[in-house]
Structures are given as structure tokens and as C-alpha cells.
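Colleague: from the sequence below, what's the structure:
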Amino acid sequence: MKRKSRPRPRSISIRRPRQPSNGTIRLSAISAARAFILALTLCWFGAAFADVAVPPFKAEVVDQTATLSSGDTAALTQTLRDLQRRKGSQIAVLIVPTTQPETIEQYSIRVADAWKVGRKKIDDGALMVIAKNDRHLRIEVGYGLEGALTDVTTRRIIDEVITPKFKSGDFAGGVTAGINRMIRVIDGEPLPAPEPPHWKNSTSFDPTDLFNPFLIIPVLLVGGLMRSMLGRLVGSAAAGGLVTLVAWFLFGSLLAAVLAGVIASMFVMFGDSITSAQPAGRRGGSGGWAGGGYGGSYSGGGSSSSSSDSGGFSGGGGGSFGGGGASGSW
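Modeller: Next up, the predicted model:
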């Protein structure tokens, strides 16, 4: 009988990983560099073709090209504020280098929707957008002014008033002349009367306004008289109410007015406790309310009311736009 041969055990060979050659390393580095350059190129193209951002609405005139001088900007701002105070309508001016890749019409309506120039539900706002490097401009008109600043009217203002001055390099003169012509048209439009500034509620105020002489003097001079005539409780309440009205008229802030009234009321109510705690030699001879000593220190405060009356910039009022207006170039 033949013996069956046993199968020989197979030898297991362990293969070592191949080491990349210099050529492979060079190709990988080139591929990585190409991918990096491609990513940078895509980012650059994305930034180059991104829409121009809408700037914050921080003033009536926003010039991102430094085309207007500070004097031109101040004069134009005062003209626009006078219109808003007199008529209620609001006009804003924006100067940008370019609106690309958008057209002037696409960009201006985005700005109008973001800024909300004009009064809410009256929509009596207008916006002048100038793209200096593109040599394009547009006047965007709110719904409430489309009957006065029609497409034909705004086109004539652009072609006959603004662009001739732009062509000669007089940008400040062109903007000013165009705004003045727009104001003349708006003045002839019957619109709801503007709301008195002192009846407008404000959500912010400067706490230092509470130390304005127009508030301190009535408290010191009238507070003691009211308390002596009406009693501690009623007199302090009457003095607080008076200060509240004065503060509301001066600052246009309901929050500041109420706070000033509460402080004045507490001061009048507990004024005798404060004076009685002082040394006897420092109290007035009347023994009650030492208010007479304050009269000579007041020398008039009319300048502070003028700055309050002129008011600061409060942004858009909620106006809406529907694409009315016209565009032009030079």
C-alpha cells in the first residue's frame, strides 16, 4: 500500500508596504497645491461677485466715497431735517463706489427696504442712491409720494438737474440741486401733518439730561411752594407731574420724563428731611425750604433746548417702497 503524503504547510509571507517614490510624493504635493489654488480662486470669485452690503442707516446722508465735504454733508443734512420737521416726509442720500454685480435698481430697492425711509403707513419717503464709479444714480420713491414724484418727474430731475452737474464734476452741487427740486415737489403734495417732536416716545435717552437746568430749577423754586400750598403728598405729586411734562417736551422721551418726575416728586416730598439733617449754620433762615439760595445761579439755558429741538437722527420711520422712481447715468 502506498502511503498518502501529508500536505506540506504553506508558508505565510508578510509583505511590507511599498514606500512611495519621490515621483509619487512630488505628484501629491502638486495636486495639493492645485487644490489650494483652486479653493483660493473660488473664494476670490465668490467675494468679487457677492452683493454689495447695505450700510447701516445712521444719518440722512451716507457717503462711502468721501465725495462730499463735511460742510456739504452738514448743509444737506440740515435741509433734509428741515423738510422732515416741516412736512413729515423723509429723504435719504447714499453714495457708494459701485453696486456691482447688481444693477442700480436692484441695489436701491434693497436699501429702501432695509432703511424704511418715510413714515409708516404714509410711506412718504424717498431715497437717492449714487454709484459713483458706475456713473449711475437712482431716485427711489415711496408709495405715498408716487403721486407727486412720478416716474416722469424723477426722470426729469435726474436728466435736467443732477446729471449736468455730475458731468462737470460738481457732485455736491448736483446732489443739493436734486434734493432741493425734490423738496419743492413734495411741498406741493398734501400729506398728513408731522407729529410734534415732544409727543414722540423714545426708547433711549441720556441720563445726564435729568440734570438739565430746565428740570432742576422748577423743582427747587416751585416744589417748595407747591408743598406749602397743597401739602406734602399732593404738592410733591403736582411737582412731579410738572417736571414730567417739562422733561417730555424737552427730550421727547417718555421714559426719561417719567423717571425725572418720580425723582422730583421724591425730592419735594423728603426735601425738609434732607435740609434738617444739615448743620444749623448751613440752613436757610426760613427753616423750611431753603430754595431762595438757588435763584442767582441760573443764567439761562436756551442753548440746550435748541439742540433738543433740532433732534438727533432716529432712522427710518417704517416707510414702504414698490419700485417707483427713475434711474439715470452721466
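Colleague: any chance you could map the strands in the stretch 1-150 of the chain?
Modeller: With DSSP state E, counting those that start in this stretch as the criterion, the stretch 1-150 of the chain has strands at 61-63, 90-96, 125-131, 136-142.
Colleague: burial count for Arg227?
Modeller: Counted with other C-beta atoms under 10 Å, the neighbours of Arg227 add up to 23. For the C-beta atoms, the positions are set from N, CA and C on the backbone; glycine is no exception.
Colleague: so where does it fall, helix or strand?
Modeller: helix 213-230 (DSSP states H and E).
Colleague: got the CA coordinates for the helix or strand just after that helix in CSV?
Modeller: Moving toward the C-terminus from helix 213-230, the next helix or strand (DSSP H and E) is helix 232-251. As requested, the backbone C-alpha atoms of helix 232-251 are provided in CSV (Å, rounded to 0.1, in the frame of the first residue of the first chain):
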residue,chain,number,x,y,z
ARG,A,232,-46.7,117.2,51.4
LEU,A,233,-48.4,114.4,49.3
VAL,A,234,-50.4,116.5,46.8
GLY,A,235,-47.7,119.1,46.4
SER,A,236,-44.9,116.5,45.7
ALA,A,237,-47.2,114.8,43.2
ALA,A,238,-48.0,118.1,41.5
ALA,A,239,-44.3,119.0,41.2
GLY,A,240,-43.5,115.6,39.8
GLY,A,241,-46.2,116.0,37.2
LEU,A,242,-44.9,119.4,36.2
VAL,A,243,-41.4,118.0,35.8
THR,A,244,-42.7,115.1,33.8
LEU,A,245,-44.4,117.4,31.3
VAL,A,246,-41.3,119.7,31.0
ALA,A,247,-39.0,116.7,30.5
TRP,A,248,-41.3,115.2,27.9
PHE,A,249,-41.4,118.5,26.0
LEU,A,250,-37.6,119.0,26.1
PHE,A,251,-36.3,115.5,25.5
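Colleague: and helix 232-251, what does it pack onto?
Modeller: helix 213-230, helix 254-269, helix 302-310 (3 or more C-beta pairs under 8 Å, 6 or more residues apart in numbering; DSSP states H and E).
Colleague: switch the cut-off to 10 Å
Modeller: On a contact count with 3 or more C-beta pairs under 10 Å, 6 or more residues apart in numbering; DSSP states H and E, helix 232-251 meets helix 213-230, helix 254-269, helix 271-276, helix 302-310.
Colleague: so for stretch 227-237, mean pLDDT?
Modeller: The pLDDT scores in stretch 227-237 average 75.
Colleague: so how far is the first residue of it from its last?
Modeller: 9 Å (C-alpha to C-alpha, to the nearest Å).
Colleague: average pLDDT for stretch 141-159?
Modeller: Summarised as a single mean, pLDDT over stretch 141-159 is 96.
Colleague: longest single strand anywhere in this structure?
Modeller: Longest strand in the chain, counting residues (DSSP state E): strand 321-329.
Colleague: return the helix or strand in this structure with minimum mean pLDDT.
Modeller: helix 302-310 (a mean of 35; mean pLDDT, DSSP states H and E).
Colleague: so what's the residue count around Ser168?
Modeller: The burial count for Ser168: 11, using other C-beta under 10 Å.
Colleague: can you check Lys58 too?
Modeller: There are 8 residues near Lys58, going by other C-beta under 10 Å.
Colleague: does it touch Phe313 like I think?
Modeller: Yes: using C-beta atoms under 10 Å, Lys58 is in contact with Phe313, at 6.8 Å.
Colleague: next, the angle strand 125-131 makes with the longest strand of the chain.
Modeller: Here the directions of strand 321-329 and strand 125-131 differ by 40 degrees (axes from the mean of the first three to the mean of the last three C-alpha atoms, to 10 degrees).
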